[in-house]
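J.: test case, fold it:
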Amino acid sequence: MKAFAILLDTRPRYLEGATAATSLLLAPLGASTMLGYLSECLSSVGHPRLSIATDFAPDPDYQAQVARSGVSVSEILQADELQARIAEYEPSDWLILLDPRCVPSRGLAASALRLEADDGPRRVRHLVALEAHPGGTTERVHVGRNGSVGRIQRYYDSATWPFTSGVACSLVPVSCTMGASDLPFGSLKDLRHSLAERGIPSLDVFLHGGAFDLSQERDLLALSERQVLEYFSSRSKKDGWLAVGSGCRVDPSARLVGPVVLHDGAEIGPDASVVGPAVIGPGAKVGRGAVVAQCLLGPDSVVAADLTLCHRAVFGASSDSGPAPSPLYEPLTVAADEPGAGAERQRSPSAYPALKAAFDVVASGLGLLLLSPLLALIALLVRLESDGPVFYGDRREGKGGRVFRCLKFRTMVAGADSQQRELMAKNQVDGPQFKMDRDPRITRLGRVLRALNLDELPQLLNVLRLEMSLVGPRPSPFRENQMCVPWRDGRLSVRPGITGLWQVCRHDRAQGDFHQWIQFDLLYVRHMSFVVDLKILAATVVSLAGKRAVPLPWIISSRLPEGAA
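T.: Residues are numbered from 1 along each chain as shown. As a prediction, this is how the structure comes out:
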């Protein structure tokens, strides 16, 4: 079995006006090029040689530029010629296809390019990026057949939005291409669709953190900026914020404010200014008195004298500033390994998260040990009273939106979940909550356990596994976390808790207190500390687990919003 690495190359619209030898693969990227970046990714998994398939005619100038890049390229051909070349390979061989239009924001992981032992010769693997929206959400109007508006539904990128924006890499068994003469190898997104139409089995692997769409000028600028900053972060501080290639000419009167990368043969004219992060490609020229701020200049590009360019990717000659691309908006996402990403949270001292986790593990472990006789007795009573499991594990969203099973002793009859929609008209609270004074689904033992808050003792296991904390926002399922985007972002930036600020301070139960739920969750996220956690634990005991409201100033006393007490 052999694996053939193939890079696709294209010329996006913003490359119009560039020289014939310019393409997306040959675009400068930090101190290297896109071709060099992808070649390095392939070399890391044992594919040092590669081929290039273009969606344009690769003329001699283009081939010469590829040769001068220093990357070992065995063959350059057009994408529509690729099918004939693949027919020469063995059915057991593999194609590793990379599309530079879709670049993972966290880099191409070696595991995504490596052929696994369980990858059979009859299944395709795609590395796909999901669509992202500003703020991580989008709303869609659902319209009936008669044109009437049925509802407005909010979708979250991280949970309920299923559509892809691009394909970064496809691992295709050669056997899956047999018998086809019109596969669209020029685009991995089109290839994925075409293979699925032919009934080829495939596996989509999602890109965590999203991807840059380099068919858009703004995304190329964002990726270039990141590569520049990473390049200088790996250098010694004494080297400064300027990287100059061979043959560069910088007039003594020019001003360069780093970080700036000058590729071979770049020229900066008299009184010109370059403000970083910026990349000046090989042979590019910045004219007298021109200002180039946070731009990328392609090979042999020319910026006219006295011209000011900001946030632009320039390929070819530029005598007009033109409209800047819309700014790249990176959705607010909260990953499990990125504490403090929520918009409502201030940065806590570095020792606090570790101290909180250690306290949770020790306290929950001791609690489980000391309460084990009581836990065993309750489990036996639940088993004897009614049919069904002893524990109920509802799917809740934890830190970063990670779903876990929140454990409780079962307090309802089996199948109670399916009855809630029928009882919704009798709901006595507002917001996404559901509560009835005499819920017919609750068992007799369940009423006692709920009144004493003993049904939540199994959540000590969730705390021990660091899925929850002793103190934090109430763990909620996805359906409850949809109501308010900032609230969702804030509360999912921390681990949920068995007890919390809302549980001990809420005082509008009879009127429905969803507004307080939001307020107290965000107050906790903003002011959380080890002292606040200890106060909430003490308040839980004093208030009999929230049976009586504790005044908020007892726990958080600094700069409270009006009416918060």
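
J.: every contact and neighbour count from this point should use C-alpha atoms.
T.: Fine.

J.: can you identify each of the helices in this protein by residue range?
T.: 34-43, 60-68, 82-86, 110-113, 188-197, 217-233, 351-385, 420-423, 444-451, 459-464, 485-491, 501-505, 514-527, 530-542 (DSSP state H).

J.: so which of those helices is nearest E75?
T.: Nearest to E75, of all the helices of the chain, is helix 60-68, at 9.7 Å by CA to CA.

J.: quick one: the closest one to helix 34-43, angle?
T.: Going by axes from the mean of the first three to the mean of the last three CA atoms, to 10 degrees, helix 60-68 is angled at 50 degrees with respect to helix 34-43.

J.: for helix 60-68, packing partners?
T.: If contacts are counted by 3 or more CA pairs under 8 Å, 6 or more residues apart in numbering; DSSP states H and E, helix 60-68 sits against strand 73-78.

J.: any low-confidence regions in the stretch 301-450 of the chain?
T.: 321-350, 418-419, 421-422, 424-434 (pLDDT under 70).

J.: about what we covered before: any chance of the helices of the chain in TSV, with mean neighbour count too?
T.: Formatted as TSV, the helices of the chain follow (neighbours: other CA atoms under 10 Å):
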stretch	mean neighbour count
helix 34-43	19
helix 60-68	14
helix 82-86	15
helix 110-113	16
helix 188-197	17
helix 217-233	20
helix 351-385	14
helix 420-423	12
helix 444-451	16
helix 459-464	23
helix 485-491	22
helix 501-505	27
helix 514-527	20
helix 530-542	18
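
J.: D264 contacts G245, correct?
T.: Yes: in this structure D264 lies within contact range of G245 using CA atoms under 8 Å: 4.4 Å.

J.: between those two, which one's more packed in?
T.: A count of neighbours by other CA atoms under 10 Å puts D264 above the other of D264 and G245, at 18 against 15.

J.: residues contacting that one?
T.: V244, G245, S246, G247, C248, G281, P282, G283 (CA atoms under 8 Å, 6 or more residues apart in numbering).

J.: mind checking pLDDT for it?
T.: Turning to D264, the model gives it a pLDDT of 92.

J.: can you offset everything so residue one is 296?
T.: Let's use 296 as the start, then, which means that last one is D559.

J.: gap between it and L408?
T.: 31 Å (CA to CA, to the nearest Å).

J.: for this protein, what helix or strand is lowest in average pLDDT?
T.: helix 715-718 (a mean of 69; mean pLDDT, DSSP states H and E).

J.: what comes up buried for stretch 455-473?
T.: Residues 456, 460-472 are the ones in stretch 455-473 that count as buried (16 or more other CA atoms under 10 Å).

J.: also stretch 599-612?
T.: Buried residues in stretch 599-612, counted by 16+ other CA under 10 Å: 599-600, 602-612.

J.: for stretch 364-381, same thing?
T.: Using 16+ other CA under 10 Å as the burial criterion, the residues of stretch 364-381 that qualify are V366, V368, I371, L372, Q373, A374, D375, L377, Q378, I381.

J.: I'd say the second one and A348 touch.
T.: Yep, that's V368 we're talking about. No: V368 is beyond contact range of A348, at 10.9 Å (criterion: CA under 8 Å).

J.: domain map for the chain?
T.: Using automatic domain parsing, the domain parsing of the chain gives 298-508, 512-613, 646-849.

J.: pull up the distance across the longest one, start to finish.
T.: Spelled out, it's domain 298-508. In domain 298-508, first residue to last residue: 26 Å (CA to CA).

J.: so S470 touches P386, yeah?
T.: Yes: with contact defined as CA under 8 Å, S470 counts as touching P386 (4.4 Å).

J.: if we can go back for a sec, ok, and the most crowded of the contacts of D559?
T.: Neighbour counts for the contacts of D559 (other CA under 10 Å) peak at G576, which has 31 neighbours.

J.: okay, now the unreliable bits of the stretch 346-495 of the chain?
T.: Scanning the stretch 346-495 of the chain for pLDDT under 70 picks out the ranges 411-416.

J.: try it again with 80
T.: By pLDDT under 80, the weakly predicted segments of the stretch 346-495 of the chain are 403-417, 429-430, 453, 474-476.

J.: not counting its neighbours along the chain, what's nearest F299?
T.: Spatial nearest neighbour of F299, excluding adjacent residues (CA to CA, 6 or more residues apart in numbering): L390 at 4.9 Å.

J.: by contact count, what packs against the longest strand seen in the chain?
T.: Longest strand in the chain, counting residues (DSSP state E): strand 459-468. Under the contact definition 3+ CA pairs under 8 Å, 6+ apart, strand 459-468 sits against strand 389-393, strand 397-399, strand 419-425, helix 483-492.

J.: how about these in JSON lines, adding distance to Y309?
T.: Listed next are these as JSON lines, based on distance: least, CA to CA, whole Å:
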{"stretch": "strand 389-393", "distance to Y309": "21"}
{"stretch": "strand 397-399", "distance to Y309": "16"}
{"stretch": "strand 419-425", "distance to Y309": "22"}
{"stretch": "helix 483-492", "distance to Y309": "20"}
